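**Student:** What follows is a predicted protein model with its sequence.
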Amino acid sequence: MAGLIKREDIDEVRQRTDIKEVVDGYVTLKGAGLGTFKGLCPFHDERSPSFTVRPQVGRYHCFGCGEDGDAISFVQKMDHSSFHEAVEKLAARIGYELRYEDGGTGPNREEVGKRQRLLDAHKIADEFFRAQLLTAGAAEGRNFLHGRGFDRTAAEQFGVGYAPQSWDSLLKHLRGRGFTDAELKLTGMFSEGNRGIYDRFRGRLIWPIRDIAGDTIGFGARKLYEDDQGPKYLNTPETVLYKKSQVLYGIDLAKRNIAKDRQLVVVEGYTDVMACHLAGVGTAVATCGTAFGTDHIKIARRLLSDDGTGGEVIFTFDGDAAGQKAALRAFEEDQRFVAQTYVAVEPSGADPCDLRQLKGDAAVRDLIGTRRPLFEFAIRASLKRHNLDTVEGRVAALRESAPVVAQIRDSGIRPAYVRELAGWLGMPIEEVSRAVGLAAKRAASGAAGTAGTAGTAGAPAAGQGTTPGQAGQPAAAPPSAAPIAFMRPDPRDPIAAMERQALEVVIQNPAVLGGEAALSGGAWERFEACHFVTPAYSAVHTAVRAAGLAHAGDPVAWVEGIRREVPEPLQGLVSELAVVPLPASTPEALQRYCRDILARLFELQITRVKADKMGQLQRLDASAQPEEFQRLNRELMQLEMQRRALRMDS
């Protein structure tokens, strides 16, 4: 049996190991006084560096969470290894030969810990795949790399390999190196069938996925042959070593540059990482089959030393809808960073690999150089979903973009984006500033509402609205089969309150739209022409129009007809609008109230149309288009006359 490591050897390893060099492999350290270095603690999430290392005494201590120790305990915790394994790793690092009690020579291969056995298997598999890329059978893999601008040197730099088409090439190789099937099942490199285990990766190009310390912990495999029925990319499944939410491909190669340049570039694939590094963007990494999430952010923040003194995270995405969606998902995580976050989108939709092939290395560097703040990208993406030539579109766009601006942490940047947003919308700064302030208060108080469904009587979610970007549009189901989530309209919003009151009146007293009780001048036609900007109420308004007045004389049929026309999540809202008490104690008072509410609604619509016309008039060159100028003036006068008549009628 192997003996214990001699006590004096443990002390010697501890004495000879430079703890700063060890910690530097995981955490970016900065000088913090004579002989002291600080960084973000790897054992808990923090924004201000409190993890302190003193190389002179070989110790570290976190003043935030209280973790402390020496180089051995640090490796134990970071690698989840045993004390013996940590000592052996550090001894190998400094080239020190350990001695063992009772004449032992240390643990043999069968006695090492499970983690080290898995690492050994991955290291051998990595070497196997790389060697296979040079064989005749890997011609298709080499052609793939060449077709994307990667030569043999590039393949060697990134450790690219090839998995033979055989079902058991790797299996035989690792068995021959002393690994048991029980051990191999734990690696994720093999699948299991009725006849036992077989190679998971066959006839594919292979990329080794390494942790921040440079140990191979998994693989990514790209399909090469048409008869391969598997997915385009096949990764190692979750194992003891490989947790995709905690892995960034290329982090082992990029970590030094990330720390030096205070920059992290997130791309979408293995070849994009290769293209970036070869083009001179050595800070590029990629996620492995998952979105950039919380655990990735922890890795990034530690490398960037994300302490508020600078640094940037740049996301590159395709210019298509999927790429924009991915960018906005990244934006949702932005608040976890102190570093500034940016997005770089190639207008043609080319990813860094394609861009390098088409236009060369400089184009890749230029793509990163032309990055835009992620806040700006998110705001402009929301504005694109609205028609900014109409008041309704601008109001809806403001409602959607104000919460985005409200999320900006930097108190110096937020007012600047308020001004930018006002310019993009063509709205007064004061109005935009109020909207952003209100959005910030809602977020702070948790009053913004949450996504949900309705349909249950009295359920709070019954009045939730359509997704952003559908304001003022019919609440038709989107092309996808996924149900629409509706946001509860904010009762403090005066426009939303006005629209709700009008719907309450129309649903409960449709006679106000026709017959003796109606306002003069075609009330139904005016109501049909109204534009509701609150998403949920817009959907109900559309349903009322679709139901028509045919059943208005039968309250049950009338309400049920409207319920049938709205999306299912809004049926509860229709019921709510139909039963809420109206503020009137007599029939006469009720009629006056209903007429007054509709008059206010119609006046609001006239005001909006006037604003549109005024905007058109202001943008018009009267000398160049005199007839158009006169027409708009006439229409403005007619609208004002309608508004005055409406006030007199009500």
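**Tutor:** Thanks, I have the structure now.

**Student:** ok, now which ones touch Ile597?
**Tutor:** Listed by Cβ atoms under 8 Å, 6 or more residues apart in numbering, the contact partners of Ile597 are 501-502, 505. (Each C-beta comes from the backbone N, C-alpha and C, glycine too.)

**Student:** Pull the number of nearby residues for the residue lying closest to Lys185 once chain neighbours are set aside.
**Tutor:** Excluding the flanking residues, the one nearest Lys185 by Cβ to Cβ, 6 or more residues apart in numbering is Ile197, at 6.2 Å. Number of residues near Ile197 (other Cβ atoms under 10 Å) recorded here: 17.

**Student:** what kind of secondary structure is Ile197 in?
**Tutor:** Under the three-state scheme (DSSP: H, G, I helix; E, B strand; the rest coil), Ile197 adopts strand.

**Student:** ok, it - contacts?
**Tutor:** By Cβ under 8 Å, 6+ apart, the contact set of Ile197 is 171, 181, 184-185, 190-191.

**Student:** Selecting buried members of these in PyMOL, what would you type?
**Tutor:** Selecting in PyMOL just the buried members of those, where the criterion is 16 or more other Cβ atoms under 10 Å, is done with this command:
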select buried, resi 171+184+190
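
**Student:** Identify the farthest-apart pair in the contacts of Ile197.
**Tutor:** Within the contacts of Ile197, two members stand farthest from each other by Cβ to Cβ: Asp181 and Ser191, at 12.4 Å.

**Student:** For stretch 91-98, which residues meet the burial criterion?
**Tutor:** Applying a neighbour-count criterion of 16+ other Cβ under 10 Å, the buried positions in stretch 91-98 are 91, 93, 98.

**Student:** And stretch 184-201, by the same measure?
**Tutor:** Judged by neighbour count (16+ other Cβ under 10 Å), stretch 184-201 contains these buried residues: 184, 187-190, 197-201.

**Student:** Please narrow those residues to those residing in strands.
**Tutor:** Taking DSSP state E, the ones among the buried residues of stretch 184-201 that sit in strands are 190, 197-199.

**Student:** CA atoms of stretch 384-392 as CSV?
**Tutor:** Extracted C-alpha coordinates of stretch 384-392, given in CSV (Å, rounded to 0.1, in the frame of the first residue of the first chain):
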residue,chain,number,x,y,z
LYS,A,384,-37.7,48.9,-34.1
ARG,A,385,-40.8,47.1,-33.1
HIS,A,386,-42.9,50.3,-33.2
ASN,A,387,-44.1,52.8,-35.8
LEU,A,388,-42.5,56.0,-34.6
ASP,A,389,-44.4,58.0,-37.1
THR,A,390,-47.5,57.8,-35.0
VAL,A,391,-48.2,59.0,-31.4
GLU,A,392,-49.4,55.5,-30.5
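
**Student:** then whichever strand or helix holds Lys255 to PDB, C-alphas only?
**Tutor:** When elements are defined using DSSP states H and E, Lys255 is found to belong to helix 251-261. Below are the C-alpha coordinates for helix 251-261, written out as PDB (Å, rounded to 0.1, in the frame of the first residue of the first chain):
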ATOM      1  CA  ILE A 251     -10.800  30.400 -21.300                       C
ATOM      2  CA  ASP A 252      -7.400  28.600 -20.800                       C
ATOM      3  CA  LEU A 253      -6.000  30.400 -23.800                       C
ATOM      4  CA  ALA A 254      -7.700  33.800 -23.200                       C
ATOM      5  CA  LYS A 255      -7.400  34.200 -19.500                       C
ATOM      6  CA  ARG A 256      -4.100  36.100 -19.500                       C
ATOM      7  CA  ASN A 257      -5.200  38.400 -22.300                       C
ATOM      8  CA  ILE A 258      -8.500  39.000 -20.600                       C
ATOM      9  CA  ALA A 259      -6.800  40.000 -17.400                       C
ATOM     10  CA  LYS A 260      -4.200  42.200 -19.200                       C
ATOM     11  CA  ASP A 261      -6.600  43.900 -21.600                       C
END
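
**Student:** Show me what it is in contact with.
**Tutor:** Residues external to helix 251-261 that are found in contact with it (Cβ under 8 Å, 6+ apart): 25, 28, 158, 210-214, 263-264, 277, 282-285, 299-300, 303-305.

**Student:** what residues are up against Ile299?
**Tutor:** Contact criterion Cβ under 8 Å, 6+ apart gives 212, 246, 248, 251 as the residues in contact with Ile299.

**Student:** Of the residues you listed, which is the nearest to Ile413?
**Tutor:** Using Cβ to Cβ as the measure, the one of those that approaches Ile413 most closely is Leu248, at 27.3 Å.

**Student:** who's the closest one bridged to?
**Tutor:** For Leu248, the residues forming beta bridges with it (DSSP bridges) are Thr287.

**Student:** Report how many residues lie close to Lys123.
**Tutor:** The local packing of Lys123 (other Cβ under 10 Å) involves 13 other residues.

**Student:** C-terminal to the host helix or strand of it, what's the next element?
**Tutor:** With elements taken from DSSP H and E, the one containing Lys123 is helix 114-132. On the C-terminal side of helix 114-132, the closest following helix or strand by DSSP H and E is helix 139-147.

**Student:** list the helices and strands that next one packs on?
**Tutor:** Contacts defined by 3 or more Cβ pairs under 8 Å, 6 or more residues apart in numbering; DSSP states H and E place helix 139-147 against helix 152-157, strand 204-210.

**Student:** want to throw those into a markdown table with distance to His386?
**Tutor:** Output for the helices and strands packed on helix 139-147, formatted as a markdown table (distance: least, Cβ to Cβ, whole Å):
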| stretch | distance to His386 |
| --- | --- |
| helix 152-157 | 45 |
| strand 204-210 | 42 |
